[in-house]
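S.K.: A predicted structure for the sequence below; I have some questions about it.
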Amino acid sequence: MSIIPCVTWVRRGKAKSKPEKLQIAKEDLQRIIQETEERLEDEEEASDGENTENAEPEETALSNDVDDDVAKALAFAKQIKGESKKQSGGGGGDDVSSRYNMDNYDKEDDDWTNPLKGIGGLSMYASNEDDPFISEKNEEDSDEEDFEIKTTDNLLIAARAESEFCSMETHVYNTELDNFYVHHDTLLSTFPLTIEWMDYDLRDGNIGNFVAVGTMDPTIDIWDLDLVDSLEPLAVLGDVMLKKKKKKGIMGHKDAVLDLSWNTNARHVLASASADNTVGLWDLTEGRMSMVLKQHKDKVQCVKWHPVEEHILLSGSFDKSVKMFDCRTPDSGHKTWNMNGEIEKVLWNQFSPINFFASIDNGNVFYMDSRSDKPVYTLSAHTESVTGLCLSCEDSRMLVTSSVDRTVKVWDISDNKPSLIHSQDLKLGQIHSMSSCPDAPYVVAIGGEKNLKVWDLRDIKDVLRHFCPSEVTADDTSQQEEASVTDDMNVAMETENDVAMETESAVQASGEKKKKKKKKKKPKNNK
């Protein structure tokens, strides 16, 4: 089992050209292992202390309330935690040292009493450059080149959930060189539900390269993307104190974090949507939740900041409503639109900031005017939940939608009259996530239940002809010339065939006449 629950892009030039590689000390590694085991023990004790009679009804209620994706994620996360408990064995600090052989961590096992033992006895040449049997002599240089991030590279961050672990993959994508590969990956402690890139450094407020990850836990992990081989996040927002320690918890969410949105106009602000029915506003300068919005009556599935107005926030909930908040006066300054289904995604139209899109679980997409109560139009986009909404970063006409019905569709939405340009099943299974590249207007990243795909929509002839006619002209001319040459060749061949057939027919006719003359008898003479 492998699924891609969330993806996000990093703009060109935002990442360091040469990310730093973290060197982990033995003490830090042992501390991380001990903290992980303590956390698992506390969770196990907390689960044992709950009323077992209410466990089954609670599970049933959860499966009824939460949509299929979150329910699957919860079951999957519990499976992963169960595997971790089995592997850890629940031992203490001494058990950790013995189990992982920490005392002999930096000792070498090689026996140098035998001078012929080891690499020294096998080496024939001083270096690979001198060895005539080694053809790949610049492999290290190639690795260093792949490790370096160019100014023309985009980073694509994709969360991956396998049957035994969860990870966050950092991919390098270059449209000019047609490169796409994994730069490095990071292990995650639990099932990831949402990823959001931001440039705000919590330590000093400077510009950096970070990603916030929301998971099945009620916390938000902040990772430094310019730091490779890190075992733990740079910071954790809303870290709830363990019950065992009997300390008052930090203000934060009480359930899973389902969506995140970073405010590009107020860089120190991050919004979070949670299964605890609330929207949280985080002050990254202080690393704490500064405001809680409690107007929704069910789990909040999605949030999105306005592209221009720093105080306007959209949210969508399982209570079948979309709300627009003025965060300066959230209690009185909010507007509500009631839909006919659970809200999956909301998306502002950056080309017309008074408008936004909202998708629901029955496959419909609504295009709304924030000043009006009724939708501008309703698009019957898919047969099941619409899990992805993307607008091109440059072409205001193009909307891309994806769904758990396994299809991705490209629409022309110009003049508020949407028309379907292309629909395709990418063989990725159910589509769980999608994100458009901020620097390439026709490139989208799509995460399914099987794999990840980066798709240049210009590879589709219908999309290329419709949205990029100038690029099609040269191709069409060459294709027409090739078709003309082919037609001429076909005409010549047909002419030759016709002449041959006419010649053959004439020969056959001449032969038949000769046969008739031979068969004709002379009349008898009666005289």
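M.R.: Arrived safely, thanks for sending.
S.K.: where in the stretch 351-500 of the chain is pLDDT low?
M.R.: For the stretch 351-500 of the chain, residues meeting the criterion pLDDT under 70 lie at 473-500.
S.K.: name the SS class of Pro233, please.
M.R.: Secondary structure for Pro233, judged by DSSP: H, G, I helix; E, B strand; the rest coil, is coil.
S.K.: leaving out the residues flanking it, which one is nearest to it?
M.R.: Spatial nearest neighbour of Pro233, chain neighbours left out: Asp221 (4.0 Å); criterion: C-beta to C-beta, 6 or more residues apart in numbering. Just so you know, the C-beta spots here come from the backbone N, C-alpha and C atoms, and that holds for glycine as well.
S.K.: what does Asn265 give?
M.R.: Glu310 (3.6 Å).
S.K.: number of residues surrounding that neighbour?
M.R.: 16 (other C-beta atoms under 10 Å).
S.K.: okay, and it sits in which element?
M.R.: Glu310 is located outside every helix and strand, with elements delineated by DSSP states H and E.
S.K.: can you check His253 too?
M.R.: Judged by DSSP H and E, His253 forms part of no helix or strand.
S.K.: what's the burial count for the residue nearest to Pro233?
M.R.: Asp221: 24 surrounding residues under other C-beta under 10 Å.
S.K.: tell me the strands beside the host helix or strand of it, with direction?
M.R.: Asp221 belongs to strand 220-224 when assigned by DSSP H and E. Counting by DSSP bridges, the strands paired with strand 220-224 are strand 207-215 (antiparallel), strand 235-237 (antiparallel).
S.K.: nearest to Ser433, of those strands?
M.R.: Closest of the strands paired with strand 220-224 to Ser433 is strand 207-215, at 12.7 Å (criterion: C-beta to C-beta).
S.K.: check which residues of that closest one are buried.
M.R.: By neighbour count on 16 or more other C-beta atoms under 10 Å, the buried set for strand 207-215 is Gly208, Asn209, Phe210, Val211, Ala212, Val213, Gly214, Thr215.
S.K.: in the stretch 201-350 of the chain, which ranges drop under the pLDDT threshold?
M.R.: Applying pLDDT under 70 to the stretch 201-350 of the chain flags residues 240-250.
S.K.: what about the strands in it?
M.R.: Assigned by DSSP state E, counting those that start in this stretch, the strands in the stretch 201-350 of the chain fall at 207-215, 220-224, 227-228, 235-237, 257-262, 269-274, 279-283, 288-293, 300-305, 312-317, 321-326, 334-338, 343-348.
S.K.: output those strands as a markdown table; include the columns distance to Glu449.
M.R.: Shown next, in a markdown table, are those (distance: least, C-beta to C-beta, whole Å):
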| stretch | distance to Glu449 |
| --- | --- |
| strand 207-215 | 18 |
| strand 220-224 | 23 |
| strand 227-228 | 28 |
| strand 235-237 | 28 |
| strand 257-262 | 18 |
| strand 269-274 | 22 |
| strand 279-283 | 28 |
| strand 288-293 | 32 |
| strand 300-305 | 19 |
| strand 312-317 | 23 |
| strand 321-326 | 27 |
| strand 334-338 | 31 |
| strand 343-348 | 16 |
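S.K.: among those, which comes closest to Asn451?
M.R.: Counting by C-beta to C-beta, Asn451 lies closest to strand 207-215 out of the strands of the stretch 201-350 of the chain; the figure is 20.3 Å.
S.K.: could I get the CA-only coordinates of the closest one as CSV?
M.R.: In CSV, the C-alpha atoms belonging to strand 207-215 read as follows (Å, rounded to 0.1, in the frame of the first residue of the first chain):
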residue,chain,number,x,y,z
ILE,A,207,13.2,34.4,4.8
GLY,A,208,13.9,30.7,4.5
ASN,A,209,12.6,27.5,3.1
PHE,A,210,10.2,25.7,5.4
VAL,A,211,7.2,23.4,5.2
ALA,A,212,4.4,23.0,7.8
VAL,A,213,2.9,19.5,8.1
GLY,A,214,-0.5,18.7,9.6
THR,A,215,-1.0,15.1,10.7
